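*Asks:* Coordinates for the following, if possible.
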Amino acid sequence: MAETPDTVLPPKDRMGALDPWRIPNYRYLWLSNFAFYFARWMEQLVSGWLAWQLTHSPSDVALIGFFRTMPMLVLSVGSGVLSDRVERRKLVMATQVGNMAAALALFALYSLGQLQYWHLAVGTTAIGAAWAIEWPARRALSMDTVGRSMLVRATMLDSLSHNLTRALGPFAGGVIIALAGGEKVYALLALFYIGSLLAIRPLRTVLPERVGHASVWRNLGAGLAYARRNQAIMGVLVTTFVLNAFLFPYQQLLPVFADVVLHVDAVGLGLLGAADGIGSLVAALVIMSRGDVRRTGWFFISGAFGMSVFILLFSASQWYGVSLSLLILGGITHIGFTAMQSTIILSSSSEEMRGRSMGTLLLAIGSQPIGTLIMGGVAAAAGVAVAVGSGGLICVVSTAAIAALAPRLREHSIGESKPARAPS
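*Replies:* Purely as a prediction, here's the structure:
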């Protein structure tokens, strides 16, 4: 894609952490992302809380997480290809309409006293499907709006937004539940989805390069073949698969921890949900104040390992203050994983393969629904602490092994990486 006036960069000696914000297209994207992230994290907390109130079953709470993430496993096959075939801005806008409709339907059912568990499952699945469809497009737009030279800065600014909302969204959800009831949360979700749509509407983009008329499966195969030739990309994909399968499902089980293990109310649950975001936000601010991250690969793998260690320790805690502190520390290390995950793949991919590369990443993230079911089953049989602790231990061992076996991932630097050629 040719550079537009919006992507012209300032001289290198005047480049700083906030420079991407000076690009109008990136500002629109950032504001849209902020609204969407806020809604995403608030929805995750309120849906888990509501599932627990309706059933008091750890496996049913985990099942809601499965319904939210299952579309990633199914739709990742085509969403990356779709991102390379249509205008990404319009794709993101269309999915926000679907999110708004689902949130309003749940609000209406809840307000009328008719909400049942299966309604929650259907609404959560719809929201998860919209996220799975739009995610590769939203991530690829970062590269589209700022170019490769500013990608790390843009990613860190996006991580700032992501982690600020990961702190504010769950906490706000917990407070609203305590003061006004869960139905008000769904009304607020609809407003944030509308805000995300309106914020991205002015963004100017061009249609991506044509990827031909090959089948979705053939394009997915091309994306996977492309990833296999790059050890850094494959390292990110394997790490992402492991953490989404065995670590991140703990977030869905926080309502069970809050009630059964830590004995706190909705506000206490909101703080637990916000803790990871608080830690990541602090880390993002520190990193941005120090300038660019050079050793992107080492930053990524260290973040994944550190987060796994702190979640393992969290699973063994029965004291609220200790548990909260461990989740904050986990958030501090989490920033390395989240900020560099897309950065490494985007910077290592050619323009024509960008959407499909992000599709393979979404496929790796799609391991989460399977992991959520497994963790929910273990929690029902052996307790939530055993379920989360086992997952944490698996991830500690796995990330250490990946670091040892993938030197090109450890050594990845955005200043030195070059996109691999697309398969002919």
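*Asks:* In this structure, where is pLDDT below threshold?
*Replies:* 1-17, 76-77, 80, 148, 205-224, 226-227, 290-294, 350-356, 414-424 (pLDDT under 70).
*Asks:* Quick one: the strands in it, in order.
*Replies:* Shown for the chain, no strands are assigned by DSSP state E.
*Asks:* middle-most residue in it, spatially?
*Replies:* With distances taken as CA atoms, centre = their mean, the residue of the chain nearest its centroid is Thr338 (7.4 Å).
*Asks:* and it, what is it in contact with?
*Replies:* Counting by CB atoms under 8 Å, 6 or more residues apart in numbering, Thr338 makes contact with 159, 162-163, 280, 303. To be clear about C-beta, it is placed using only N, CA and C from the backbone, and glycine gets the same treatment.
*Asks:* again, but for Ser159
*Replies:* Here Ser159 is in contact with 280, 284, 335, 338-339 (CB under 8 Å, 6+ apart).
*Asks:* ok, it to Tyr186 distance?
*Replies:* Ser159 sits 27 Å away from Tyr186, going by CB to CB, to the nearest Å.
*Asks:* The contacts of Ser159 into CSV, with extra columns for distance to Met70?
*Replies:* Below are the contacts of Ser159 laid out as CSV (distance: CB to CB, whole Å):
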residue, distance to Met70
Ser280, 25
Ala284, 30
Ile335, 27
Thr338, 21
Ala339, 26
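*Asks:* can you tell me which of those residues lies nearest to Ala385?
*Replies:* Closest approach to Ala385 among those (CB to CB): Ser280, at 23.6 Å.
*Asks:* quick one, helices of the stretch 101-250 of the chain?
*Replies:* Along the stretch 101-250 of the chain, the segments classed as helices by DSSP state H, counting those that start in this stretch run 117-146, 151-180, 182-200, 216-228, 231-246.
*Asks:* for the stretch 301-424 of the chain, same thing?
*Replies:* Counting by DSSP H, counting those that start in this stretch, the stretch 301-424 of the chain has helices at residues 320-347, 354-365, 368-382, 384-405, 407-410.
*Asks:* Of these, which stretch is the most buried?
*Replies:* helix 354-365 (a mean of 26; mean count of other CB atoms under 10 Å).
*Asks:* Please state the offset of that helix from the chain centre?
*Replies:* From the chain centre to the centre of helix 354-365 is a distance of 13 Å (CA atoms, centre = their mean, to the nearest Å).
*Asks:* Neighbours of Ser59, how many?
*Replies:* 17 (other CB atoms under 10 Å).
*Asks:* Nearest to Asn25, out of the helices of the stretch 101-250 of the chain?
*Replies:* With CB to CB, the closest approach to Asn25 among the helices of the stretch 101-250 of the chain belongs to helix 117-146: 4.2 Å.
*Asks:* Show me what that closest one is packed against.
*Replies:* helix 24-55, helix 58-85, helix 88-111, helix 151-180, helix 320-347, helix 354-365 (3 or more CB pairs under 8 Å, 6 or more residues apart in numbering; DSSP states H and E).
*Asks:* how about these in JSON lines, adding distance to Val261?
*Replies:* Converted to JSON lines, the helices and strands packed on helix 117-146 look like this (distance: least, CB to CB, whole Å):
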{"stretch": "helix 24-55", "distance to Val261": "13"}
{"stretch": "helix 58-85", "distance to Val261": "11"}
{"stretch": "helix 88-111", "distance to Val261": "27"}
{"stretch": "helix 151-180", "distance to Val261": "17"}
{"stretch": "helix 320-347", "distance to Val261": "8"}
{"stretch": "helix 354-365", "distance to Val261": "27"}
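*Asks:* Buried deepest among the ones you listed, which one?
*Replies:* Using mean count of other CB under 10 Å, helix 354-365 ranks as the most buried of these, with a mean of 26.
*Asks:* Between helix 117-146 and that helix, find me the angle.
*Replies:* Helix 354-365 runs at 140 degrees relative to helix 117-146, counting by axes from the mean of the first three to the mean of the last three CA atoms, to 10 degrees.
*Asks:* Looking at the contacts of Thr338, which is nearest Ser289?
*Replies:* Looking across the contacts of Thr338 and measuring by CB to CB, the closest to Ser289 is Ser159, at 13.7 Å.
*Asks:* how much space between the closest one and Leu115?
*Replies:* Counting by CB to CB, the gap from Ser159 to Leu115 is 34 Å.
*Asks:* Then Gly169?
*Replies:* 21 Å.
*Asks:* try Phe257
*Replies:* Taking CB to CB as the measure, Phe257 falls 24 Å from Leu115.
*Asks:* So between the two, which is more surrounded?
*Replies:* Remark: of Phe257 and Leu115, Phe257 carries more neighbours, 26 against 21, as counted by other CB under 10 Å.
*Asks:* thought that one was touching Leu272?
*Replies:* Yes: between Phe257 and Leu272 a contact is recorded at 7.0 Å, counting by CB atoms under 8 Å.
*Asks:* Quick check: neighbours shared by those two?
*Replies:* What both Phe257 and Leu272 touch, as defined by CB under 8 Å, 6+ apart, is the set Ser323.
*Asks:* quick one on the thing from earlier: closest to Gln231 out of the helices and strands packed on helix 117-146?
*Replies:* It's helix 320-347; of the helices and strands packed on helix 117-146, that one is closest to Gln231 (CB to CB) at 10.8 Å.
*Asks:* show me what contacts Ile370?
*Replies:* 73, 245.
*Asks:* Kindly recompute the last result at 10 Å.
*Replies:* Going by CB atoms under 10 Å, 6 or more residues apart in numbering, Ile370 touches 66, 69-70, 73, 244-246, 249.
*Asks:* just to revisit the earlier point, let me know which of the helices and strands packed on helix 117-146 is the nearest to Arg228.
*Replies:* Nearest of these (CB to CB): helix 354-365, 9.8 Å.
*Asks:* Tell me what angle the closest one forms with helix 58-85.
*Replies:* Orientation check (the same axes, to 10 degrees): helix 354-365 against helix 58-85 gives 170 degrees.
*Asks:* The helices of the stretch 301-424 of the chain into a markdown table, with extra columns for distance to Val267?
*Replies:* As requested, these are arranged in a markdown table below (distance: least, CB to CB, whole Å):
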| stretch | distance to Val267 |
| --- | --- |
| helix 320-347 | 12 |
| helix 354-365 | 30 |
| helix 368-382 | 23 |
| helix 384-405 | 20 |
| helix 407-410 | 40 |
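*Asks:* Alright, I will stop here.
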